[in-house]
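Asker: need the 3D shape of this:
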Amino acid sequence: MTLALILLSVLILGSAIVALSLRNLIHSALLLVACWAGIAAFYLWAGAEFVAFAQGLVYVGAISMVVLFAVLLTRQGTASEPLGFASWQRFILALVAGGGVAGILVGAVLGTPLTVTTPGPVPVLTVKQIGAQLMGPHVVALLVVGILLTVSLLGAVVLAAEENVKSPEDEV
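Answerer: Numbering: from 1, shown residues only. Below you'll find the model as predicted:
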């Protein structure tokens, strides 16, 4: 392993772990952006420049802004006890969920055959060919994702909007 890979993995895993452990939602969202930036840097390290720049533009730029706006627009205040769960109940639920994910990962790793096959020649794709594919047969998928993100942000705005309920004292 190289030093760059170790530093990138510490950045990615460290920011993800700290984001999960914080109670402040804004700080967690910002650490999620740091995690996405680390993943983009990993793609650069691995030699996948197009995927790295797409990760930077889409996740670090666009989706992080949607997440931050949605968090800021939907915050109604801080609750003293979220969803009525005690801290030990949340800890047990987190252990069960983590154990389930770990079990799935271990099952996937153990179920993978260990035979080594020699891959054929790797096709060389240019950015122009990838762009032609995205704007050709996959343009509908891109439009659907854009519409879905727009509708979700508008839904967050609608949910965050407070209704002006007039009390009988206001009419007098």
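Asker: which one is the most centrally placed residue in the chain nearest to, not counting chain neighbours?
Answerer: Nearest to the geometric centre of the chain sits Leu32, at 6.8 Å (CA atoms, centre = their mean). For Leu32, ignoring the flanking residues on the chain, the nearest one in space by CB to CB, 6 or more residues apart in numbering is Ala19 at 5.3 Å. Quick note: C-beta positions are derived from backbone N, CA and C, even for glycine.
Asker: cool, Ala41 as well?
Answerer: In space, and not counting its chain neighbours, Ala41 is closest to Leu8: 5.6 Å by CB to CB, 6+ apart.
Asker: which helix or strand lies directly C-terminal to the helix or strand hosting that neighbour?
Answerer: Using DSSP states H and E, Leu8 sits in helix 3-21. Next in sequence after helix 3-21, counting helices and strands by DSSP H and E, comes helix 25-46.
Asker: which residues touch Ala19?
Answerer: Applying CB atoms under 8 Å, 6 or more residues apart in numbering to Ala19 gives the contacts His27, Ser28, Ala29, Leu31, Leu32, Cys35.
Asker: measure the fifth one to Phe42 for me?
Answerer: When distance is defined by CB to CB, to the nearest Å, Leu32 is 15 Å away from Phe42.
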